[in-house]
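K.L.:
got a structure for you, letters missing:
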């Protein structure tokens, strides 16, 4: 289910964003971080900001920008969408922290396109079974 962005996220992009009901492809911007929205806006990207995306909402030709888990990126691609990953080279001291667009730029923020497809069969297990009585973790 599509969730509406918070007012802080929605305010980060211009008011002329396309809506999910618009004709033609939609650009979905999937993030909970206002700094990411501001960075994308400064880079010229416009779209529909959402904190969470249901892949069932993606139509062929839609663009999805974010840092999605691999299974969701695969669902986007399987449905005919294009996935662009917001990639940063984050040093340990900035991990888990909100970043400004300037900090993101210092971390070499960039969009990288990926085509993600699930394998037809899972890869075989490569780890041996643990000795009896030993925890797995």
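P.N.:
Ah, there it is. Because the structure is a prediction, the values reported are computed rather than measured.
K.L.:
break down this structure into its strands, ranges please.
P.N.:
Using DSSP state E, the strands of the chain run over residues 27-30, 48-50, 63-66, 82-87, 110-114.
K.L.:
count the neighbours of the spatially closest residue to residue 55 that is not a sequence neighbour for me.
P.N.:
Computed as CB to CB, 6 or more residues apart in numbering, the closest residue to residue 55 that is not its neighbour in sequence is residue 75, at 3.6 Å. In this view, the C-beta of every residue, glycine as well, is placed from N, C-alpha and C. Residue 75 is surrounded by 21 other residues when neighbours are defined as other CB atoms under 10 Å.
K.L.:
try residue 102
P.N.:
Burial of residue 102, expressed as a neighbour count using other CB under 10 Å, amounts to 12.
K.L.:
same check, this time on residue 46
P.N.:
Based on other CB under 10 Å, the number of other residues close to residue 46 is 14.
K.L.:
now that it has come up, it's in contact with residue 37, right?
P.N.:
No. Taking contact to mean CB atoms under 8 Å, the distance of 10.5 Å between residue 46 and residue 37 leaves them out of contact.
K.L.:
roughly how far does residue 73 sit from residue 41?
P.N.:
When CB to CB, to the nearest Å is applied, the distance between residue 73 and residue 41 equals 23 Å.
K.L.:
where does the prediction get shaky in the chain?
P.N.:
1-22, 123-131, 133-137 (pLDDT under 70).
K.L.:
try 90 this time
P.N.:
Across the chain, residues meeting the criterion (pLDDT under 90) sit at 1-24, 118-137.
K.L.:
dump the strands of the chain to TSV, plus distance to residue 122.
P.N.:
Converted to TSV, these look like this (distance: least, CB to CB, whole Å):
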stretch	distance to residue 122
strand 27-30	26
strand 48-50	30
strand 63-66	25
strand 82-87	22
strand 110-114	20
